[in-house]
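>>> Quick one: sequence and predicted model below, then my questions.
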Amino acid sequence: MKNMELKVICMTARSATLETEAGRIFEFDTEGEVYINGSLYKRTNRVIFSLFGLRPDTEYEVCLKRDGEEARTVFRTDYEFVTLNVKEVGAKGDGIQDDTGFIQAAILACPKNGRVLIPKGVYRITSLFLKSHIRLELAAGAVLAADTDRFRYPRFPGMIESCDETEDYNLGTWEGNPLPMFAGIINGIEVEDVVIYGEGLVDGQASFENWWNDVGTMRGAFRPRMVFLERCKSITLQGFHLKNSPTWVLHPYFSQGLRFLDLDIRNPADSPNTDGLDPESCRDVEIAGLHFSLGDDCIAIKSGKIYMGRRYKTPSENIEIRQCLMENGHGAVTVGSEVGAGVKAVQVKDCLFRCTDRGLRVKTRRGRGRDSVLSDISFQHIIMENVMTPFVVNSFYFCDPDGRTDYVQCREALPVDERTPEIKNLSFKDIKASDCHVAASFLCGLPEQKIRKIELENVEISFAEQAREGVPAMMEGVEACSRQGFTVMNVDTLICKNVTITGQKGDAFIMSNIDYFEEV
């Protein structure tokens, strides 16, 4: 282990998140001791960890000791004006009373640089709405328990026409289209400078007896998100736990300057559409130190289907994902499928993918449109364990009612027009994937619009001895397989440097329609 360094990456008046720099991914083999001003605070093996229960405007020295090494840092917490305790406003936290109105009153009454404190207790709620310039603390032992009666939630219309009929206001959304949705459990609509932090829990209480039952039918509106952030700026979520979400857990939408730090997100492996974090048409997003274990994609980066892409032309861009653990999802990091306005400048580094169906998962198809350009997506220093297929790029994803039509699924080159998406540069460096099952990769561009460039460098793939069969990509005509090599189709330039694969059946590389291939 190289010499440790400790740095503060986020701070409030009452909390801080720190990152250990020592070349490790997500966690250490041994626990370290964290001392605050000389007193033992806790033990942790995490690379990124948080401190709570601090005092405002106070200097702290933090010392991390591990395996005979020490790392130190000093910081001063932020100023805080006042604290509003929701129990003093009327909330009981007894799991019986509906505390929504009392917590909402505390939020609305909180002044700038103030804190809304939700102390230990179980608070029955429906939808809460944030306002700008506040700090919301969910203390240890505090549980926001969401009601499961859908008709107690506000309903957001999908698109509202302006009074002069020249503009519109998009409020509700579902899978990339402006459709009615129930408001989230926690909502931010055009707010800025907000931090939600703490050691508590947001429990959506979803199950197959309520939100997860008959998910293909819209009843009243589409299911709510746990946290929905629309047209927001400078929002930080830090430290707390989320579980049993009705649908997507965290959904930032047309927002910027977002930080998601040291969160724990858990849904059952068979829960439907319970993506962990779906930035949609967002920019400047930092995702660091999160643990995902759920039933769909861990992180899915989106920018709307073709209508929203053309209407607003707002890609998702400048997104950094690091020091995260992704478990049990369909894709660890997914791009798409709703990418009508494109995705660019995504960096995934220092992450651990464990027991996911896929590592990288790109989902696109004809019809996403010429604004749907996916470019500059890089993965670096990644460990994958027991992942079915490490790399999947699917340009024939059969979603939507027309997904199985001849136009979408045709394997012949079609004319390039306003409906044709594009994939540019994909880079994979310093990646080790062990105990894989289905295939090393399934990378498939469109024949008329090939993937411009794919680079694989220092990539090591090995298969499980008892590999399971599976379908590597959700497209017509792809059969189940196991221990298949690198399948690559319809690519302009493929560069492989120090790429090794062991345990595969047949050829290491299965390639077709590649203009330039370089192997070093």
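That came through, no problem. Numbers count the residues shown, from 1 in each chain.

>>> The stretch 251-400 of the chain: helices as residue ranges?
Applying DSSP state H, counting those that start in this stretch to the stretch 251-400 of the chain gives helices spanning 306-312.

>>> wait, the chain
For the chain, the helices defined by DSSP state H cover 86-89, 100-109, 306-312, 406-409.

>>> Of those helices, give the one that comes closest to S372.
Ranking the helices of the chain by distance to S372, with Cβ to Cβ as the measure, places helix 306-312 first at 6.3 Å. (Glycine included, C-beta is placed from N, CA and C.)

>>> Contacts for that closest one, please.
Residues lying outside helix 306-312 but in contact with it, judged by Cβ atoms under 8 Å, 6 or more residues apart in numbering, are 170, 176-178, 254, 281, 303-304, 338-342, 367-369, 371-372, 419.

>>> can we see that at 10 Å?
Defining contact as Cβ atoms under 10 Å, 6 or more residues apart in numbering, one finds that helix 306-312 is touched by 159, 168, 170, 173, 176-178, 254, 280-281, 302-304, 314-315, 338-342, 367-372, 400, 418-419, 421.

>>> among those, which are in strands?
159, 168, 170 (DSSP state E).

>>> List only buried entries from those residues.
Neighbour-count burial within these applies to 159, 170; the criterion is 16 or more other Cβ atoms under 10 Å.

>>> Dump the ones in strands among the contacts of helix 306-312 into TSV; add pLDDT and distance to L144 as well.
Converted to TSV, the ones in strands among the contacts of helix 306-312 look like this (pLDDT from 0 to 100; distance: Cβ to Cβ, whole Å):
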residue	pLDDT	distance to L144
M159	94	30
D168	93	32
N170	94	27
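
>>> between the ones in strands among the contacts of helix 306-312, which is closest to D492?
N170 (36.1 Å).

>>> quick one, what contacts the closest one?
Listed by Cβ under 10 Å, 6+ apart, the contact partners of N170 are 156-160, 177-178, 230-231, 253-254, 304, 308, 311-312.

>>> Which among those residues count as buried?
Buried by 16+ other Cβ under 10 Å: 156, 158-159, 177-178, 230-231, 253-254, 304, 308, 312, out of the contacts of N170.

>>> Need the buried ones from the contacts of helix 306-312 selected in PyMOL.
Buried residues among those (16+ other Cβ under 10 Å), as a PyMOL selection:
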select buried, resi 159+170+173+176+177+178+254+280+281+302+303+304+314+315+338+339+340+341+342+367+368+369+370+371+372+400+419+421
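
>>> Which parts of the stretch 1-150 of the chain are strands?
Here the stretch 1-150 of the chain has its strands, by DSSP state E, counting those that start in this stretch, at 5-11, 16-21, 27-36, 39-46, 48-51, 59-66, 69-76, 83-85, 94-98, 114-118, 121-125, 128-129, 134-138, 142-146.

>>> Could you list every helix and strand in contact with the last one?
Read it as strand 142-146. helix 100-109, strand 114-118, strand 121-125, strand 201-203 (3 or more Cβ pairs under 10 Å, 6 or more residues apart in numbering; DSSP states H and E).

>>> May I have that strand as PDB, with CA atoms only?
Listed in PDB are the C-alpha atoms of strand 142-146, where the atom choice follows Å, rounded to 0.1, in the frame of the first residue of the first chain:
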ATOM      1  CA  ALA A 142     -34.400   8.400  12.000                       C
ATOM      2  CA  VAL A 143     -36.600   6.700   9.400                       C
ATOM      3  CA  LEU A 144     -38.700   8.400   6.800                       C
ATOM      4  CA  ALA A 145     -41.300   5.700   6.100                       C
ATOM      5  CA  ALA A 146     -43.200   6.400   2.900                       C
END
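
>>> what angle do that strand and strand 121-125 make?
Using axes from the mean of the first three to the mean of the last three Cα atoms, to 10 degrees, the inter-axis angle of strand 142-146 relative to strand 121-125 is 20 degrees.
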